[in-house]
Structure formats: structure tokens, C-alpha cells
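In: using only what follows, build the 3D model:
(chains A and B)
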Amino acid sequence: MDRRKSIKSILLGGVAGGLALNGCKPDDTTITKEAIAESTQNYFGRTPEELKIIEKINSEQFFNPHEIDAITTLANLILPPDNKGSITEAGVPDFIEFMAKDYPPFQPTLRGGIMWLDHESNSLFNAEFKTATEAQQKQILDTIAYPDIEVPEAERPLQVQFFSLMRNLTLTGYYTSKVGIADLGYKGNQPNVWDGVPEDVLQQHGIAYEEEWLAKCIDQSKRNDVAEWDELGNLLT
Amino acid sequence: MEIIESSKIYDVIIVGSGAGGGMATKILSEAGLKVAIVEAGPYFDPGAPEQQTQLKWPYESPRRGASTVRYFGEYDSAYGGFDIENEPYTNAEGSDFRWFRSRMLGGRTNHWGRISLRFGPLDFKRKSIDGLGDDWPIGYEDVKPYYDKVDKLIGVFGTNEGLPNDPDGFFLPPPKPRLHELFYIKGAKKSNVPVYPSRLSMLTKRINKDRGICFYCGQCSRGCSVHADFSSGTCLIFPAQKSGAQIDLFVNAMVREVTTNDEGKATGVSYINKEDRKEYKLKGKVVVLAASACSSARILLNSKSKQHPNGLGNSSDIVGRYLHDSTGSDRAAFIPDLMNRKTYNEDGTGGMHVYSPWWGDNKKLNFARGYHIEVWGGLGMPSYGFGFNHNQFNDFFGLKVGGYGAGIKDEVKKYYGATVGMAGRGESIPQKNNRCTIDNTKVDEFGIPVLKFDYKWTDNEIQQVRHMHDTFEEIIHNMGGEVLGKKPTKEQNYGIAAPGVIIHEVGTTRMGNDPKTSVVNQHQQLHEVDNVFIVDAGPFVSQADKNPTWTILALSWRTSDYIVEQLKMQNI
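Out: The predicted model follows:
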């Protein structure tokens, strides 16, 4: 529908009809396409209240530079960079900084875990985690990276919970990024016409469509023909 | 403070703009009536650039789609959730009802699963079959013509299968099943559970020149920018506005009560304008409540006057009673045969392409009524949570779980798309004591007394959900899969979702012929006040093992026709 008309009817809102019509600004239609495009790009459909939350979070800093270094070091060990992409390209440290503020229960685990890493590294190697050698870092990680899955997560030692959380956030951060999505090979999120599983995929997985079922499905060459039925509900078009 | 009163007198004031309110708006306004819609939330159009979330990438958000702000994830289109700041509700001791509200034009039709199932002939007459609950005062034959019209007006894909309690309709052709759905079909058939193409209100084919056709992004829960799925705004209210009907749309307007005159008849509504926090009044000849089962009950209970001391239409003390939600429980599985997948665009429509309607014979079972099974899985778009416990399935192969380093990427790809899930959604037995009342000790931020819930499942529902898990496990086994998670125990009530969580709450203003045991008559008209109607799911006598929306739409249309006729005859 015409968006200008809909904006007009929005402004009726809240106030009794007669009053509102007079108060309706005539100039709402001057919102330029550029402005909309810009807000879309920046705000991905946020309401004004949601935008404020994001702006508030972005105005604060939770981790200090030393902690960010530790997060970056650890995330690079969890998912080492390769020719498909890196955690840095994926914006993983920024994402973890954001989530720590967006979901405060993460804070003690993340901050406490980083301190545990440094303490362990100082005790064993007399060096902060980020400056220890890769072999030393891995020696520490090997003690916390393989949880006993028989034990419920909340009952595992904090450093084990910390590592699991860091790995989860690192993987989510990577695979929800542009490089990560390309690396994974996800092909959707774009207009297309679904017409069934490719034949070679069916063969690979040893399964096939039943003819009887396919006969019920949409003939995509007719998707643009306006639907008409007989009185029994049989589709004619 | 003086209440600000509009001098305009509407033919009809409609409270709420979801499925019921949208349909009433369309039918009543196109019949030439002057209509006001009063909606508690803001304007919403999923195609408006500043509101659109469809086709956004996870990396466009700093939280990558996490659900910290919106309950179903950041790109879901529901403005609201189970908990809304400064709009509380309470529960009686031992009750844990959860109440989902979407405050926006179109209400919950913006994010719902679009599962569009007609109730069948048996669903209107359950008491006659098993002696539990009550029969509806109407039958399938009364609603069928409206279901037919809704199918054609809005569009729903599905197939005519000639099933006894899952009626045929006017369907668009369904999409082909996805890979995991082929595995589900195989496993379910082996378990003697029937599977059919699902019935979802999405346009796989053009139905008119105004709405677009589905382009298979799988994101209906975000709302469709080309209006190819059903939502009340895009399919009912916008077209009615466009047709030049007389509609005044009030948004951010929270209705407090229905106002009445000395004769006890409704004169309009009073509402709080959220922007200036002042109280306003609208006058109308007819008031149609479509605020959702619980919100409409709340408005009636808060509409106390000399003529209606127990709340509007409530001298029977039935308003708020017989509240019931669908039963629900979910399970997931790992399917080794779905490992190492070649990737391709498998988004399809939002939700499942196949489903299992209820197949059982309750005479052989230890519970009443049935459930349907929904299926999910596939090569979905990564969002917050993707990669969590990336190699938990290693356990099935005797491999270590956890780790780090270069091998992780291979593990992620190996398991991508190898998980499927099932959800059972079933029919509960309405109970007189499951109810919502007004909690006089609390108000929301608009000063309106809030609801207090008191709801307990009975053994019928709990045994039904236990049966769901037995069925899920058998199907998963027959798909060649491994069940994830432990089977819920008796102490966990076999994993039944808390009441309200399935978001099919109905029954608070139920329909019937007897004013002592029901709130509205078969035309959804208050027994006690003939110019007030209810067109949400409040009037449902029972909920069936279906989703309520298609029946809300059909009944709202039927009631709207009745209102037009009654106004013409000057009966109201």
C-alpha cells in the first residue's frame, strides 16, 4: 500500500480523531529515501526503545584493554585464522564485549575466567596468558577444554564453564559474521523459488520423493497464475 | 482530570487489531460502517523499511540475533513477550500461567507460525463424544462457509485429504518437503503416524494483485515485506483502508473499560493514550472486543458500574473462567544420516512443510483428546546460539566432546543440518477453576488493575504429553536418529509446558445458550449487553488440537455479518 497514507493513519493514533487531524503534520512525507535506507542499514528494524538500549550499551565499556587482549588471544586459539576467515574479521571480540553488557550474568564467568587464565599462566610459566607461548597456552587450555559431560554444566569448575562459554560465543560470533556464513556455506536469506531437494543430495542421503506426494505440490511455473477453485475446492489454475 | 471525549460517534469501536479485530475491521468497514480500531501498541508494517527485519543478516545486529530484548530473538516481529515492563500480571499460589502479549498493529498475527487449521466436526461436540468439557452451541456446518471464505480471502497452502476431523478447504498447493522432512515422513510412517503437507497461510501462488508471492526465505516470524503471509495488518486492515472505508486507527491507546449508560448498554470505551498518559473516551453504537482472550476478559472485569457491579457481562461469574491453552512439549534428535551435508538454499517457507494431524483412538489411551506434531530442522541461517556445544554429538561416536583449534570448523560443518526437532501441540480439557481474575493489589503503568491467573493442568493433559514423548522417541528411532536430552519424568509432569507458553490461550468468555454458564451467545454477543461482541479466542468453548487463528478469523467474520444485519434491522 501507499506508505504515505499509512503514515497519515499512524498519526491519527493516540488522540481522538477530530483533534488529531488538525495536529497531523503535513510534512511527514518528506522523509527521504536516503534517510530510510540509512536507518535501515543502521537499525535493522529496531523500535525507538530498542535503539536506546543499543546506544546505551555502546556508550559503556566493560572489558579493559588487557581483558580484550586475553579474549582475542583465546578466541584465536579456539578458532585459528585460515584462508576462509578469522575471528577478528568476524568481529568476535566486539561481539563478546557487547554480550557481556547485554546479558550481565555472563560478566562474572567471563571476567573471572580471564583472571583464572592469567593466574594459571603466571603460576606455571611466570607470564600472563596472552604473552605465554602457544604451547604453554595450549597446555592450560587442555585442562579446561574437555568437560565431563556427565556432570551438569552448572556444577563444573568455573574455569571449565568459562572455556565452554568462550567457545560458544566465539563460534556463534564467527558463524554469524559475513566471513563465517560464507565459510559454512549457508546459501539462503535471499529471494528464490524452492522446488525441492537437489537430486544428487537425495542420492547422497539415500532417500527419494514419493511420486504421489510430489503430485500434490506446487508447480512453480504456475505460481504467478491467480488461484481459482471449483466449488469443491479443487484448484483450477 | 476531565476525561477528553470525542464528539464523533462511531458505528463500531473495535478493541485490538489482531486476527479477530482485523477481520471485524475489514468486514464492518467495507459494509459502510464508521469504524474505530483501538490498538495498545504502535503502528506496524513489516514492509516499512524502518520496521523490517526480513532478510537482515545476523551480523547487522551487535547481539547477532540474541533474544535478550525480543523473546523469540531479535529479528522476530513481536513487540512484547511474556514479560512486558510495567505491565505485570500475577499468579495464585501453585499456578504458573505465562501470558504472551504483542503490543502492535496486527498483534500476534505478526510473528505466529501461520499454522492455519480448521476445527473439525468432532471439535465442536467433544462433550457428546467423551463426556468432558462442553459442546459448542454451534457446529462445523455453521462455521464451514466462513472457513471457506477465509481460505479464499487470505490464502493457505495445504491439501484436500478427506480426513474426518481435519476438513478439506480451498488450498494453494504446498511446497515440496525438505530433506529432514523426508526423513520425518519415513520415520513417522514406520511408526504408523500419518504425515500430510502442512497447512500454513503463506502464498505459494498468487491470490490477488495486491499481495506478493512467497519467495521462500523461511522468515515468516519476521513478518513479510511483500505481504505474502497472513498478518492482520497486511491482509485485512491495510486493504480495508485502501478501499476507502471509514476507519480511524488509534495506536498506543490502551483500553481501560467499556463505558455504559443508565440502561446498562455500552456507549463506547475509555482508553489511556500512552503518549500523554491522559484518559480519553470514544463513543460508539457497538463495541467489539478483540484484545485477546485474557485482555478482553480483563476489560470486562474492569468495566464495573451500578448496572454491572461484577463487571460487564459477568453476573454469571463466568468471565475469566475456563481459560485453557494447548498442551505442548518438544524434543530434538540427532540424525547421523543427515551429517556431512552439501549446502544449498533450503530456507523454504517459514515453519514446516509437513505435519502429522492427530491419528489416535482415545478409547485405547489413558487420556482424552489428541495432539498434532510439528517438525523443524534443516540448513537454517546461523543466528545467536549457532555453534553452541558444537560437537556434543561426538559422544554418540565415542569421541571426546569439547576442544579447540583447527578441527572445530570441520566438526561444525559435519553436524550442520543434522538436528531435527518435533513439537506436540494438543487439546486440553477446559476447567471451571482455571481462570483469570482482577488482582486489586496491582495496576499496570496506565493505572489499570492487572490480571491474576490460577491454572493447573489435570492428569489428562499430563498423560497426553507423556504419550507425545513416547511417540517422538519411536519416530526418532525409526528415522535412524538419536534422541537428545533425557525423557522428562513423572516428577517433571512428563515435560508439559507451563500453561500459556504455547500461546493458544482461549475460553475466558465462552459461548453457550445458557447465560448462567456462558458469557456470549453463538453470535459472540454478550448475553447481558446486546451491543457488545467478542471476536478473539475468548468465546472458544474448547480449543481442539488445532491452532486457534483460523477459527478466530472465521467466527469474527460470522459475527461481523451478524452485527451488520442487526444494525440494519435496528436491533442493536
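In: quick one: the helices in chain A?
Out: Per DSSP state H, chain A carries helices over the ranges A:3-11, A:17-23, A:33-43, A:48-58, A:65-78, A:92-102, A:106-125, A:134-141, A:158-175, A:178-184, A:199-204, A:211-216.
In: now swap in the stretch 301-450 of chain B and tell me
Out: B:407-415 (DSSP state H, counting those that start in this stretch).
In: what residues does it put near chain A?
Out: Contacts of the stretch 301-450 of chain B with chain A, taken as C-beta under 8 Å from any C-beta of the partner chain, map to B:337-338, B:341-349, B:379-390, B:392, B:395, B:400-406, B:408-409, B:412-413, B:416. (C-beta placed from N, C-alpha, C; glycine too.)
In: let's see that with 6 Å instead.
Out: B:337, B:342-345, B:347-348, B:381-382, B:384, B:386-388, B:390, B:400-404, B:406 (C-beta under 6 Å from any C-beta of the partner chain).
In: wait, what's in contact with B:P177?
Out: Residues near B:P177 by C-beta atoms under 6 Å, 6 or more residues apart in numbering or on different chains: B:H353, B:V354.
In: tell me the SS of it?
Out: Using DSSP: H, G, I helix; E, B strand; the rest coil, the structure places B:P177 in coil.
In: what helix or strand does B:A24 sit in?
Out: Element membership of B:A24 [criterion: DSSP states H and E] is helix B:19-30.
In: thinking again about what came up before, just the buried members of the residues of the stretch 301-450 of chain B next to chain A?
Out: B:337, B:345, B:347-348, B:381-382, B:384, B:386-387, B:390, B:401-404 (16 or more other C-beta atoms under 10 Å in any protein chain shown).
In: can you add distance to A:T143 and give the residues you listed back as JSON lines?
Out: Shown next, in JSON lines, are these (distance: C-beta to C-beta, whole Å):
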{"residue": "B:D337", "distance to A:T143": "36"}
{"residue": "B:N345", "distance to A:T143": "42"}
{"residue": "B:D347", "distance to A:T143": "41"}
{"residue": "B:G348", "distance to A:T143": "44"}
{"residue": "B:M381", "distance to A:T143": "35"}
{"residue": "B:P382", "distance to A:T143": "30"}
{"residue": "B:Y384", "distance to A:T143": "28"}
{"residue": "B:F386", "distance to A:T143": "27"}
{"residue": "B:G387", "distance to A:T143": "22"}
{"residue": "B:H390", "distance to A:T143": "20"}
{"residue": "B:V401", "distance to A:T143": "15"}
{"residue": "B:G402", "distance to A:T143": "11"}
{"residue": "B:G403", "distance to A:T143": "12"}
{"residue": "B:Y404", "distance to A:T143": "12"}
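In: sort out for me which of these are in strands.
Out: For those, not one is inside strands, with DSSP state E as the criterion.
In: ok so, going back, now render the helices of chain A as JSON lines, adding mean pLDDT and distance to B:C214.
Out: Compiled in JSON lines, the helices of chain A are given as follows (pLDDT from 0 to 100; distance: least, C-beta to C-beta, whole Å):
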{"stretch": "helix A:3-11", "mean pLDDT": "34", "distance to B:C214": "22"}
{"stretch": "helix A:17-23", "mean pLDDT": "30", "distance to B:C214": "37"}
{"stretch": "helix A:33-43", "mean pLDDT": "51", "distance to B:C214": "22"}
{"stretch": "helix A:48-58", "mean pLDDT": "94", "distance to B:C214": "28"}
{"stretch": "helix A:65-78", "mean pLDDT": "98", "distance to B:C214": "39"}
{"stretch": "helix A:92-102", "mean pLDDT": "98", "distance to B:C214": "32"}
{"stretch": "helix A:106-125", "mean pLDDT": "98", "distance to B:C214": "38"}
{"stretch": "helix A:134-141", "mean pLDDT": "98", "distance to B:C214": "47"}
{"stretch": "helix A:158-175", "mean pLDDT": "98", "distance to B:C214": "27"}
{"stretch": "helix A:178-184", "mean pLDDT": "98", "distance to B:C214": "23"}
{"stretch": "helix A:199-204", "mean pLDDT": "98", "distance to B:C214": "22"}
{"stretch": "helix A:211-216", "mean pLDDT": "98", "distance to B:C214": "17"}
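In: mean neighbour count and distance to chain B for the ones you listed - can I get that in TSV?
Out: Listed next are the helices of chain A as TSV, based on neighbours: other C-beta atoms under 10 Å in any protein chain shown; distance: least, C-beta to the nearest C-beta, whole Å:
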stretch	mean neighbour count	distance to chain B
helix A:3-11	17	4
helix A:17-23	12	5
helix A:33-43	13	4
helix A:48-58	13	6
helix A:65-78	20	4
helix A:92-102	22	5
helix A:106-125	17	11
helix A:134-141	16	6
helix A:158-175	23	3
helix A:178-184	20	6
helix A:199-204	13	6
helix A:211-216	12	5
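In: wait, which of those is closest to B:S295?
Out: helix A:48-58 (20.9 Å; C-beta to C-beta).
In: quick check: chain neighbours aside, which residue is closest to the residue most central in space within chain A?
Out: The centre of chain A sits closest to A:T176, judged by C-alpha atoms, centre = their mean, with a distance of 4.8 Å. Closest residue to A:T176 apart from its sequence neighbours, by C-beta to C-beta, 6 or more residues apart in numbering or on different chains: B:P58 at 3.7 Å.
In: what's the neighbour count on that neighbour?
Out: Close neighbours of B:P58, defined as other C-beta atoms under 10 Å in any protein chain shown, add up to 27.
In: could you check how far it is from B:G22?
Out: Relative to B:G22, B:P58 is positioned 31 Å away (criterion: C-beta to C-beta, to the nearest Å).
In: do you know the pLDDT at the residue of chain B found nearest chain A?
Out: Residue of chain B nearest chain A, by C-beta to the nearest C-beta: B:G387 (2.9 Å). For B:G387, the model assigns a pLDDT of 96.
In: now do B:V354
Out: 98.
In: same deal with A:V15?
Out: Predicted confidence (pLDDT) for A:V15: 30.
In: looking at chain B, which helix or strand is least sure?
Out: Least confident helix or strand, chain B: strand B:4-15 with a mean of 92, by mean pLDDT, DSSP states H and E.
In: so does that strand get close to chain A?
Out: Yes - contact of strand B:4-15 with chain A (C-beta under 6 Å from any C-beta) involves B:S6, B:K8.
In: and that strand, which strands flank it?
Out: With DSSP bridges as the test, strand B:4-15 is paired with strand B:35-38 (parallel), strand B:278-289 (parallel).
In: which of the ones you listed sits closest to B:L200?
Out: Among the strands paired with strand B:4-15, strand B:35-38 sits nearest to B:L200 (C-beta to C-beta), with 26.1 Å.
In: so chain A: which segments form each domain?
Out: With domains defined by automatic domain parsing, chain A comprises A:3-58, A:65-184.
In: between the ones you listed, which gets nearest to B:A423?
Out: That would be domain A:65-184 among the domains of chain A, by C-beta to C-beta, at 23.5 Å.
In: now do residue 142, the pLDDT please.
Out: Using chain A here. For A:D142, the pLDDT comes out at 98.
In: my bad, the chain I had in mind was chain B
Out: Model confidence at B:D142 (pLDDT) stands at 98.
In: now the helix or strand hosting it: buried residues?
Out: Assigned by DSSP H and E, B:D142 belongs to helix B:140-154. Under the neighbour-count criterion of 16+ other C-beta under 10 Å, helix B:140-154 has B:Y140, B:V143, B:Y146, B:Y147, B:D148, B:K149, B:V150, B:D151, B:K152, B:L153, B:I154 buried.
In: what about the fifth one, distance to B:G426?
Out: This means B:D148. 26 Å.
In: just the second one next, same as before
Out: Computed as C-beta to C-beta, the B:V143 to B:G426 distance reads 21 Å.
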